[in-house]
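Q: From the sequence below, what's the structure:
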Amino acid sequence: MKARAFAYHRADSVKDAVELLAEFGDEAKILAGGQSLVPMLAMRLTHFENLVDISRLDELQGIDLIGDEVVVGAGTTHALVGMDDEVADSVPLLTAATPHIGHFQIRSRGTLGGAIAHADPAAEFAAVALTLDATMEAVSARGTRQIPAADFFTGLWESALAADELLQAVRFPVWSGRCGFAVHEFARRHGDFAIAGATVAVELDDDDRVTRCSVGLLGLGSTPERGAPAEAAMTGRPVTDIDAVEFGRLAVSGLRDIPSDLQGSSSYRTRIGATMVTRAWTDAITEARDA
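A: Numbering: from 1, shown residues only. Here you go, the predicted model:
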C-alpha cells in the first residue's frame, strides 16, 4: 500500500516547526526519523494532511551533562545515544536498552524523541524514561513546559503532548553510588517489538540494602508501566532477603488490562514479563554489588 497524499514542510528551525504546528493543529504531524510514522502512513493506519520534517534541525540534536541530569536532544538518533560515552557513564540504562531497538538501520535513522513521543508500550526508550523518572521538555509557540515521565504516556500511541507541541529534549537523572542497571526482553526474533520486557535500576547502601529501586515494564499494557508493588516492597531490605523470582511476580502483580493478541495471551505475557523482571533484577544487583 501507499500513503495518502499529504503536504510536506521542511522546518528550518524549532521556531519554524512550532509555528507550523500552531498553524495546522491536529492536521499536522512531526516527521523526525520516520521509523514508526512512515510505515503507519504506508499501511494507511493513520493519515495527516501535513508532515513537518525536523530531521535536519541541529537544535534538536546532542547530548549534554547539565548538573545531575543528562539532557538528550529529541533529534538525537538511537545509534548516537548508544555509543555516547557520557550516556554510558551517567545513564547506563539507556546504553543497555539501545541494542534491543530494531536493527542497526533503524537505530541509525530513528530518534530518541521520536520513539518516546510515539508512546509505543513496547518501546525501550519510553520504558527507560519512565523507569528513571525522566522529564520531557515540550516547546510550542506558547512557550516551554516540563512534563514528568509519569504523566507523559496517556494511552496506546498517545502522550500528553498537545497538538501544537514539539518534544525538544529529554532530561534523564543521573544515579550515583552503588548502582546497577539492566534490560531484558523477549521477542520472537531479534529486532521485533518485545512481547514483554523489563528495565531495572537499583541502588544499594554499603550494607547491601536496597535504598532505591525502579522497575519499568514493556508490552504489558497500553502504555509503559512501572512495577510499583515490587519497588515499594523491596526498598530498605537487604539483598540477601530478596527472592528474585518473587520480585518478578510482584512487579507484574499490579497490572491490569494486559493485552492479548496473536503474539500471546495476557497470561502468557504476564509470565514472560515476570521472568524478564527476574533476570533484569539479578543482573542489576550483580552490577550494583560490584560497583
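
Q: Which element, helix or strand, includes Ala122?
A: Secondary structure assignment for Ala122, by DSSP states H and E: no helix or strand.

Q: close enough to count as contact, it and Gly221?
A: No: contact between Ala122 and Gly221 fails when scored by C-beta atoms under 8 Å: they sit 10.0 Å apart. The C-beta positions use only the backbone N, C-alpha and C, and glycine is treated the same way.

Q: Quick one: mean pLDDT for stretch 273-289?
A: The predicted model assigns stretch 273-289 a mean pLDDT of 98.

Q: my bad, stretch 148-155
A: 98.

Q: Please apply the same query to stretch 87-106.
A: 96.

Q: Send over that stretch as PDB, restricted to the C-alpha atoms.
A: Presented in PDB, the C-alpha positions along stretch 87-106 are these (Å, rounded to 0.1, in the frame of the first residue of the first chain):
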ATOM      1  CA  VAL A  87      25.400   8.400  28.400                       C
ATOM      2  CA  ALA A  88      27.300   5.200  29.200                       C
ATOM      3  CA  ASP A  89      28.900   6.800  32.300                       C
ATOM      4  CA  SER A  90      25.800   8.700  33.600                       C
ATOM      5  CA  VAL A  91      22.700   6.900  32.300                       C
ATOM      6  CA  PRO A  92      23.900   3.400  31.500                       C
ATOM      7  CA  LEU A  93      20.300   2.100  31.300                       C
ATOM      8  CA  LEU A  94      19.900   4.000  28.000                       C
ATOM      9  CA  THR A  95      23.100   2.300  26.700                       C
ATOM     10  CA  ALA A  96      21.800  -1.100  27.800                       C
ATOM     11  CA  ALA A  97      18.500  -0.500  26.100                       C
ATOM     12  CA  THR A  98      19.800   0.700  22.700                       C
ATOM     13  CA  PRO A  99      20.800  -2.700  21.200                       C
ATOM     14  CA  HIS A 100      17.300  -4.000  21.700                       C
ATOM     15  CA  ILE A 101      15.800  -1.400  19.400                       C
ATOM     16  CA  GLY A 102      15.000  -2.800  16.000                       C
ATOM     17  CA  HIS A 103      18.100  -3.300  13.700                       C
ATOM     18  CA  PHE A 104      21.100  -1.100  13.100                       C
ATOM     19  CA  GLN A 105      19.400   0.600  10.100                       C
ATOM     20  CA  ILE A 106      16.500   1.600  12.300                       C
END
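
Q: List the buried residues of it.
A: Of all the residues in stretch 87-106, those buried under the rule 16 or more other C-beta atoms under 10 Å are 87, 90-98, 100-102, 106.

Q: Closest to Ala196 out of these?
A: His100 (12.4 Å; C-beta to C-beta).

Q: Pull the contacting residues for that closest one.
A: Counting by C-beta atoms under 8 Å, 6 or more residues apart in numbering, His100 touches Glu124, Val183, Glu185, Ala194, Gly197.

Q: how about those residues, which pair is most distant?
A: Val183 and Ala194 (9.9 Å).

Q: Show me whatever sits in contact with both of the two.
A: His100, Glu124.

Q: tell me the centre residue of this structure?
A: Ala126 (1.3 Å; C-alpha atoms, centre = their mean).

Q: Which pLDDT value goes with that one?
A: pLDDT at Ala126 comes out at 98.
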